[in-house]
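# Need a 3D model of the following:
(chains A and B)
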Amino acid sequence: MIKLAGDLSSGDHVCAIPDSAEHLGEIAAGFVAHGLLRGERVLYFDDDGAADALLRRLAEDGVEIDGPLRRGQLDIQPEEVTRQTFRTALPDVHAGVSAQLAHSLAQGWAGTRLTGQMHSAMAPGAAGTLPEYDGLLARLVRENQDSLTALCTYDPGHFPDEQIDIMRALHRDHLALTGAYDDGLLRIVRLGVGYARLAGEIDHSNRPKITNLLHQQLDAVLRSADAPADIGLDMASVRFVDVASAVAFVHAAEGFPASHRLVLHRVRPRVQRILDRCGAAFSAQLAFDDDPPPVDPPPPAR
Amino acid sequence: MQINAVPRPPGFVHALVHADDPAELVSQVVPPATAAVRDTGARLVVAVSEPVEQALRDELAGTGARIERLTTLTRSARESGQTVAAWRSRELRALASPGKPVLVIAEHDPELDGVDGGFWTELEAALNISLNGLPVTQLCAYPRLPLHGAVGDAALANHPVRLRGEELVANPAHRPPAEVLARWPFAPPHLLGPPDLRLRYNTFELSRVRDAVERAARTCAFDPVRGEDMVQAVNEVATNAVEHGSVEAGLSIWTSPGELVCEVQDAGGDSTAGGGPALPLIGLAPPHPSQPRGRGTWIARQLCDSLHVWRGREGTHVRLLARS
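The predicted model follows:
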């Protein structure tokens, strides 16, 4: 069954296969943010820098994380704990997670969300196989239908293809994934007519995708009777733009009809510096906005 | 209706002055400097030895001219004439921006000759590109018989005009930069020893280049913005290498506390086929705002302390250096 990220609730145990590291961050941040919003405690198992990427993406999505971290609502289990968990006998893991679920309820949280980077289940010395751990999680969800939601992610960067195929087949429920361009370096998610969110890095290898996107967005806006006059790109998660791409943004804006503008939202300082060097400040039809585009972005993992 | 009624300001005037000692130098340049201040309100800027500067101040005291100094060259800049030309362009662009012409008085310094005097050949050829169009007149003083014969010959070829008496006259021996560098090629920079990291990459692996430079900048204890600037600069050069050079290119990195050197090598040919400036004098002048490409190397030169391009037997090399 395909489930929407915004509809997940206690008793759900879903699987997602992200296209890239950016996509993984988008899915995990969406799952965590939704849980925080529902008053649930989030147990996140860190490994290989995944928690840093999660926190960065949550901040880029405008999710307040200082309070949840301080209150223990967002509880990040360090890498060593994650790895130790997978070296622990399955019955002991069951007992430990059950105790955590009870602790969440005792602390007054509405339930518990569980996710993280779990590839150390495949490491030498693991006490079970990946399917065995997933079976244990399925049992825990069944036993705690009213208080546990679990998201299992299997990214190609950490899991071999054959293992991903097995885990995909083992899960009954899958997260609905957004149609997007994703080349592993840059991810483009359309948010609506004339609006898109970019994440990752823009360089010589994927620059044509940006110029195509701008042309398509402009075309869609011009053909729509009630579309806004601005083409908006949310740049909060864009970490690098090369010079030729920065020039492409400026020139694309200058090529728009006089009635339309290109608005870049939440541009990071590093990217802003290179846009400035490429004449962005002198382009009347290129504007900057510190707020997100004026649309309700869907939950990132939808 | 008259088109172009407003006269265009004169562009860069690059003049050779022959002077064998400080006294002759001062006596040659004072009349045109006085005239420039009196007639056009020009700013006077110097890159000369201290005794010459003092003598100029004394001689020009009555004109009311304020004499400014160009930035003293750092060690890394002294090894790359093209880097100095890029710096001079930035400095003089800022000085000339209010629309006021600038008169530069520069002097040959034999300490920078190196093994063959190539620094001066490269610098003067690069200045013809980097200062092109700026309202700048530069008087370059050279001895008639410098230690390296190539210094005198190349100086004659690099200057479109010569100072004769109080007048600037056309120099029939002048040659364009590409021709000058073909005739008097400069030596490659000194070898740096085995790099700390060497990698090969193609068009789709530029992120590996950026990651490697980012890690190296952290090793060198650069502050984040300095590190990001170096990543950007190397990315632009690395992109050029696989876009215009060869399918695959190489990156070498040398790290030391507070200093990062990156070198990109490709097996490609000269870019002159595309009508651009001759290697190694690329990225010295800002491209026109409407030009979609060609800005990368120009910006890269501004983001690091030194960017030096040269042609080797096996292809093109670009060495970038940044200090914290």
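
# hmm, the biggest strand by length in chain A in reach of chain B?
If you go by DSSP state E, chain A has its longest strand at strand A:230-241. Yes: shown here: strand A:230-241 in contact with chain B (CB under 8 Å from any CB of the partner chain) through residue A:240. Bear in mind the C-beta positions are built from the backbone N, C-alpha and C, glycine included.

# any idea of the angle whatever helix or strand comes next after that strand forms with strand A:230-241?
Moving toward the C-terminus from strand A:230-241, the next helix or strand (DSSP states H and E) is helix A:243-254. Relative orientation of helix A:243-254 versus strand A:230-241 (axes from the mean of the first three to the mean of the last three CA atoms, to 10 degrees): 170 degrees.

# what packs against helix A:243-254?
helix A:207-223, strand A:261-265, helix A:269-277, strand A:286-289, helix B:224-240, helix B:296-303 (3 or more CB pairs under 8 Å, 6 or more residues apart in numbering or on different chains; DSSP states H and E).

# can you put those in a markdown table and add distance to residue B:85 and mean neighbour count?
As requested, the helices and strands packed on helix A:243-254 are exported to a markdown table (distance: least, CB to CB, whole Å; neighbours: other CB atoms under 10 Å in any protein chain shown):
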| stretch | distance to residue B:85 | mean neighbour count |
| --- | --- | --- |
| helix A:207-223 | 30 | 16 |
| strand A:261-265 | 34 | 21 |
| helix A:269-277 | 19 | 17 |
| strand A:286-289 | 32 | 17 |
| helix B:224-240 | 17 | 24 |
| helix B:296-303 | 10 | 23 |
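
# Can you lay out those as a markdown table showing distance to residue B:117 and mean pLDDT?
Below are these laid out as a markdown table (distance: least, CB to CB, whole Å; pLDDT from 0 to 100):
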| stretch | distance to residue B:117 | mean pLDDT |
| --- | --- | --- |
| helix A:207-223 | 42 | 87 |
| strand A:261-265 | 49 | 95 |
| helix A:269-277 | 35 | 96 |
| strand A:286-289 | 47 | 95 |
| helix B:224-240 | 27 | 97 |
| helix B:296-303 | 23 | 94 |
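
# Which among these is found nearest to residue B:87?
helix B:296-303 (8.8 Å; CB to CB).

# Show me what secondary structure element comes after that closest one.
By DSSP H and E, the next helix or strand past helix B:296-303 is strand B:306-312.

# Give me the angle between that following strand and helix B:296-303.
Going by the same axes, to 10 degrees, strand B:306-312 makes 140 degrees with helix B:296-303.

# what's the offset of strand B:306-312 from the middle of its chain?
12 Å (CA atoms, centre = their mean, to the nearest Å).

# tell me what whatever helix or strand comes next after that strand is packed against?
With elements assigned by DSSP H and E, the helix or strand that comes after strand B:306-312 is strand B:315-323. Other helices and strands packing on strand B:315-323, by 3+ CB pairs under 8 Å, 6+ apart, are helix B:224-240, strand B:259-266, strand B:306-312.

# Just give me the neighbour total for the one residue in the stretch 51-200 of chain A that gets nearest to chain B.
Closest residue of the stretch 51-200 of chain A to chain B, CB to the nearest CB: residue A:185 (5.6 Å). By other CB atoms under 10 Å in any protein chain shown, 20 other residues sit near residue A:185.

# Now do the strands in the stretch 101-250 of chain B.
Remark: strands assigned in the stretch 101-250 of chain B by DSSP state E, counting those that start in this stretch are B:102-107, B:136-142, B:161-164, B:167-170, B:197-202, B:248-256.

# Up against chain B, what does the stretch 151-300 of chain A have?
Within the stretch 151-300 of chain A, the residues that sit near chain B (CB under 8 Å from any CB) are A:185, A:201, A:203-205, A:240, A:242-244, A:247-248, A:251, A:270, A:274, A:277-279, A:282.

# how is the chain carved up into domains?
Reading this off chain A. Taking automatic domain parsing as the reference, chain A has its domains at A:2-177, A:181-289.

# if you could check chain B rather than the one you did, that'd help
Following automatic domain parsing, chain B resolves into domains at B:13-183, B:197-323.

# Contacts only, for residue B:200.
Residue B:200 sits next to B:248, B:249, B:250, B:251 when contact means CB atoms under 8 Å, 6 or more residues apart in numbering or on different chains.

# of all those, which comes closest to residue A:126?
residue B:251 (37.5 Å).

# since we're on that closest one, how many residues are nearby?
Neighbour tally, residue B:251, other CB under 10 Å: 22.

# And stretch A:21-37, how far out from the chain middle?
That offset, for stretch A:21-37, works out to 4 Å (CA atoms, centre = their mean).

# Next, the buried residues of it.
A:21-36 (16 or more other CB atoms under 10 Å in any protein chain shown).

# Take the domains of chain A and lay them out in JSON lines including distance to residue B:72.
Shown next, in JSON lines, are those (distance: least, CB to CB, whole Å):
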{"stretch": "domain A:2-177", "distance to residue B:72": "42"}
{"stretch": "domain A:181-289", "distance to residue B:72": "26"}
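
# do you know which of those domains lies nearest residue B:23?
domain A:181-289 (45.2 Å).

# Where does pLDDT dip in chain A?
Chain A contains residues with pLDDT under 70 at A:295-302.

# And the helices in it, which stretches?
A:21-37, A:50-60, A:66-71, A:79-85, A:90-106, A:130-143, A:161-170, A:207-223, A:243-254, A:269-277 (DSSP state H).

# Of all the ones you listed, which one is nearest residue B:180?
Among the helices of chain A, helix A:243-254 comes nearest to residue B:180, with 28.6 Å by CB to CB.

# Please report the distance of the closest residue to residue A:94 other than its chain neighbours from residue A:96.
Spatial nearest neighbour of residue A:94, excluding adjacent residues (CB to CB, 6 or more residues apart in numbering or on different chains): residue A:136 at 5.9 Å. Residue A:136 sits 11 Å away from residue A:96, going by CB to CB, to the nearest Å.

# More neighbours: which of the two?
Just comparing residue A:136 and residue A:96: by other CB under 10 Å the higher neighbour count belongs to residue A:136, 16 against 11.

# Residue 285: what's it in contact with?
Just going to use chain A. For residue A:285, the contact set (CB under 8 Å, 6+ apart) comprises A:253, A:254, A:256, A:258, A:260, A:261, A:262.

# Wait, chain B was what I had in mind.
B:89, B:129, B:130, B:132, B:133, B:277, B:298.

# burial count for the second one?
The local packing count at residue B:129 equals 22, with neighbours defined by other CB under 10 Å.

# quick one: it and residue B:177 touch, right?
Yes: judged on CB atoms under 8 Å, residue B:129 makes contact with residue B:177 at a distance of 6.0 Å.

# wait, residue A:46 sits on residue A:119?
No: contact criterion CB under 8 Å: residue A:46 and residue A:119 do not qualify, at 11.7 Å.

# hmm, stretch B:225-239 touching chain A?
Yes: residues of stretch B:225-239 contacting chain A under CB under 8 Å from any CB: B:225, B:228, B:231, B:232, B:235, B:236, B:239.
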